[in-house]
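Undergrad: here is a sequence together with a model predicted from it:
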Amino acid sequence: MAPGKEVFEGVEWRIRVADGSSEVLVPATGHARKAWLGIKGLISGLALKVWMFFKRAWNVGANDPRKVIHCIKVGLALTIVSVFYFMRPLYDGVGGNAMWAVMTVVVVFEPTVGATLYKCLNRICGTFLAGFLAVGVHWVASRSGERFEPIVVGASVFLLASAATFSRFIPSVKSLFDYGTLIFILTFSFVAVSGYRVDKLFDLAHHRISTIIIGTSLCILVIMLVCPIWSGQELHSLIVRNMDKLADSLNGCVTQYFNQTREKSNEEADKKLQGYKCVLSSKATEESMANFARWEPFHGRFNFRHPWKQYLKIGASIRSCAYCIEALSSCINSKNQPAELIKKHLSTSCLKVSSSSSSAIRELAETVKTMKKSSTIDLLVGEMNSAVQELQNDLKSLSHLLNPSADPENKKLETSCMEATTTTVPLMEIIPVVTLASIIIEIVVRIESLVDNVEELAKLAEFPTRDDKSKQSKMKDKIVSDEKTEGTMKALQRV
């Protein structure tokens, strides 16, 4: 009955048979209608996929408008360079090689200024060097006679191409001149081999170099004048974001382990908790940005000789802390959980260490962001170390839970009152929380290394000192109040 309803939109045909019952008549569907329904479903599915594609493309542009701006800049550069093909005087000036300018714009235009300058300068240097060497080899080959000319050209191509390819394996050459070496091999082989059949080799090299200079110059002007995106600024912002993510993940992991929130995890909290994963996967991006930033001129707050390599050291320190946070995350998801008594015993000190460590990381992020030295970082590091000392003392006191009779006071208690019972905790229930505490202490050690790297950056870049007198006084008052509270608690414990 259902298929008949779908075909005839709710209209049914029934007949009465001899026994008094009724049957539904469903006429057979023709082949033409089946084909139409199949084509209709295919078109609907294709239209839905196209719509979803445009929706995702719109989201990409809305989330990062700089990608749309980059596309517009590429179109603008290609439109301007096409004038050399449309205008006859310009076309005659560069000959039929005007298409090399278009190809240059396509292959060297990158989203950031540093990446575009890197490719442009490498392309110009590689083309110049290869062109002059190719013309020199052609001159030597032409003087060697018709018989030895192809041998000289072939040998030069073999030797120079092999040497240039080997140089790409050298780390210093690969980081700075890898693209230029590739262009050198391409240009030298093209000009040297073409010179064997082309009479006006010098004109060919001149036109190729001229068009490449035109294309690269146009790319540099467009990328620097129209909404520039600087690699140095991107690297600077990435380091700051990674520090903030590290602080959120550290605080969130420890808090979740000790169940302080008592709330259901939401999407935003889980995203902050997993922020360390973005830090672990940012090494390649940091290295490429630092490499491109070295090619950029003075811009904003960054000088031409800004210590970009120090950012890589800071990024390495951040990732070393993130590896420990990954181990903390595995402790949260572990099946072996400690007893509630042990967790309660160490929760206060562990949370204090994580809170002070997160505060120190955020202060370092603020230092890098504002490019000003912090006047409170020493106080925060001191608070972090005092919290670690308190955690170590709590760890030492765990031995009394394992063996209460080892404590003299417990012996007196047992002799004076035989009916009193003391609760002991198995060793296997202490190991998980001790592992977590040792990881937290290791994170503190690595944070101190991060502090040293940030201070070295401030020294090399000559950061001015930030005026935080009110914040500094609050920090001192907080430390004094914490010391008083700690002293009072110890006195109460002795009583």
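TA: That came in fine, so what should we check first?
Undergrad: from residue 224, how far off is residue 292?
TA: 14 Å (Cβ to Cβ, to the nearest Å). All C-beta atoms are positioned from the backbone trio N, CA, C, and that covers glycine.
Undergrad: nope, residue 111 is what I meant
TA: Residue 111 is 13 Å from residue 224, by Cβ to Cβ.
Undergrad: also residue 84?
TA: For residue 84, the distance to residue 224 - Cβ to Cβ - is 21 Å.
Undergrad: looking at those two, which is more packed in?
TA: Using other Cβ atoms under 10 Å, the more surrounded residue of residue 84 and residue 224 is residue 84, with 22 against 16.
Undergrad: my guess is the more buried one contacts residue 98. True?
TA: Yes: counting by Cβ atoms under 8 Å, residue 84 touches residue 98, with 4.5 Å between them.
Undergrad: which parts of the stretch 351-495 of the chain are helices?
TA: Assignment of helices within the stretch 351-495 of the chain using DSSP state H, counting those that start in this stretch yields the ranges 377-396, 398-402, 408-416, 431-460, 469-494.
Undergrad: worst mean pLDDT among the ones you listed?
TA: Here the lowest mean pLDDT among the helices of the stretch 351-495 of the chain goes to helix 408-416, at a mean of 44.
Undergrad: pretty sure residue 278 contacts residue 245?
TA: Yes: using Cβ under 8 Å, residue 278 is in contact with residue 245, at 5.9 Å.
Undergrad: which of those two has more neighbours?
TA: More crowded of residue 278 and residue 245, by other Cβ under 10 Å: residue 245, with 24 against 16.
Undergrad: looks like the more buried one contacts residue 275 (just checking).
TA: Yes: look at residue 245 against residue 275 with Cβ under 8 Å: they come within range, at 3.3 Å.
Undergrad: residue 178 sits in which helix or strand?
TA: Per DSSP states H and E, residue 178 falls inside helix 171-194.
Undergrad: in the helix or strand that that helix is followed by, what counts as buried?
TA: Remark: after helix 171-194, the chain's next helix or strand is helix 201-225, criterion DSSP H and E. For helix 201-225, a neighbour-count test (16 or more other Cβ atoms under 10 Å) marks 201, 204-216, 218-220, 222-224 as buried.
Undergrad: what is the neighbour count of the residue nearest to residue 359 when sequence neighbours are not counted?
TA: Of all residues not flanking residue 359 in the chain, residue 380 sits nearest, at 5.5 Å (Cβ to Cβ, 6 or more residues apart in numbering). Neighbourhood size, residue 380 [other Cβ under 10 Å]: 23.
Undergrad: who touches residue 380 in this structure?
TA: Residues in contact with residue 380, defined by Cβ atoms under 8 Å, 6 or more residues apart in numbering, are 356, 359-360, 363, 475.
Undergrad: most neighbours among those, please name it.
TA: Among the contacts of residue 380, residue 360 has the most neighbours (other Cβ under 10 Å), with 25 neighbours.
Undergrad: excluding sequence neighbours, find me the nearest residue to that one.
TA: residue 380 is the one closest to residue 360 (Cβ to Cβ, 6+ apart), at 4.3 Å.
Undergrad: for residue 112, same thing?
TA: Excluding its sequence neighbours, the residue lying closest to residue 112 (Cβ to Cβ, 6+ apart) is residue 231, at 4.4 Å.
Undergrad: so that neighbour makes contact with residue 111?
TA: No: in this structure residue 231 lies outside contact range of residue 111 using Cβ under 8 Å: 9.2 Å.
Undergrad: what about these two, which has more around it?
TA: residue 231 (26 against 18).
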